[in-house]
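# pasting the sequence and the predicted model now:
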Amino acid sequence: MSAPDPAKIERFREKLREEWTDEQTVAAWRKWQGPLSAFTRGATAAVLEAAQLRPGMRVLDLASGVGDPALSIAEAVGPSGHVVATDLGPGMIGLAEELAKSRGLRNMEFRVADVGALPFPDGSFDVVSCRFGVMFFPEQVKAFRECRRVLKPGGRVSFVVWGKREQPFLGATIGVLMKYVEAPTPDPDAPHAFMFGERGLLESRLKAAGFADVREEVRTVTGRWEGTPEDYWQQFTEVAAPFRPLIAKLTPETRAKAEAEIFAGLRKLSDGKVITMPLEIVIGTGVKT
């Protein structure tokens, strides 16, 4: 991403806040939390593995949403550890807090926080983690420097992001939808979900933020959706905030045509009970020296 002007950065930030903190998005993620957590289990496991967690660690999880991977991290660091789960608004992490209580996790706290100015002292954490969030940060290098600031010497970041855009879960849904509706031309400076599909980009931005021993790994994990193609598409239309405006542009007739094609494609990935898809992710790690 080039260096956009401050007004443009603020527009990116406001759009992000609008998309991911409005009541419709929060309600959708609360509704589908269980199936989505199962579908993305491989990505959650990758965050934990890359974080090299040990009992007693203090971890800051960014863009925690409704609890992945913060809840799993809290279990991994144990009662002697501590996890701070953060999000842009209270709606998402409100459910994460409810889930933590239901699991008996008392080593967590939940905070509204913006990664551009983290409300924590220098050297507060052993690990900063994030799953499917850092690609949306408006000023990534600045955000990564904030992550480095709040880490203890020797602390590490563990980030998982989406890989390339050409993936079955997207091709079978938005790929079909784009045949039926015209999307606005994207701003080349705007962060987006698949930007780190560009090989080496995440690594270069972590290095620019001052991290040492930076690693970038591309990995394919398996997503399993237990349900029908119709259920899968329903959750997609509800939780995928950036794509909802496109779906809303469809007329009833074109939506029916698009959905018929989408369901046919998803059935090819289903055994009748479970939809199985390969999910390409990118794992980024770095250490504060």
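Sure thing, it's come through.
# now the strands for the stretch 151-289 of the chain?
151-162, 212-226, 274-287 (DSSP state E, counting those that start in this stretch).
# let me redo that: the stretch 1-150 of the chain
So, for the stretch 1-150 of the chain - with DSSP E, counting those that start in this stretch - the strands run 58-62, 82-87, 108-112, 125-131.
# of those strands, which is nearest Pro153?
strand 125-131 (10.3 Å; CB to CB). Placement of C-beta: from N, CA and C, glycine included.
# on that earlier part again, out of the strands of the stretch 151-289 of the chain, which is the most enclosed?
Ranked by mean neighbour count, the strands of the stretch 151-289 of the chain are led by strand 151-162 with a mean of 22 (mean count of other CB atoms under 10 Å).
# any idea of the angle it forms with strand 274-287?
Interaxial angle of strand 151-162 relative to strand 274-287 (axes from the mean of the first three to the mean of the last three CA atoms, to 10 degrees): 150 degrees.
# partners of strand 151-162, with directions?
The strands beside strand 151-162 in its sheet (DSSP bridges) come out as strand 125-131 (parallel), strand 274-287 (antiparallel).
# quick one: average pLDDT of the longest one?
The predicted model gives strand 274-287 an average pLDDT of 98.
# how far away from the center of its chain is it?
In terms of CA atoms, centre = their mean, to the nearest Å, the gap separating the centre of strand 274-287 from the centre of its chain is 11 Å.
# mind exporting that strand as CSV, just the C-alpha atoms?
Provided in CSV are the C-alpha atoms of strand 274-287 (Å, rounded to 0.1, in the frame of the first residue of the first chain):
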residue,chain,number,x,y,z
VAL,A,274,-20.4,-31.7,5.1
ILE,A,275,-18.9,-29.1,2.7
THR,A,276,-15.2,-29.4,2.6
MET,A,277,-12.9,-26.7,1.2
PRO,A,278,-9.2,-26.0,1.1
LEU,A,279,-8.4,-22.7,2.8
GLU,A,280,-5.1,-21.0,1.9
ILE,A,281,-3.7,-19.0,4.8
VAL,A,282,-0.5,-17.0,5.4
ILE,A,283,1.2,-17.2,8.8
GLY,A,284,3.4,-14.3,9.7
THR,A,285,5.7,-14.3,12.8
GLY,A,286,8.4,-11.9,14.1
VAL,A,287,10.3,-11.4,17.3
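# with that, I have no additional questions.
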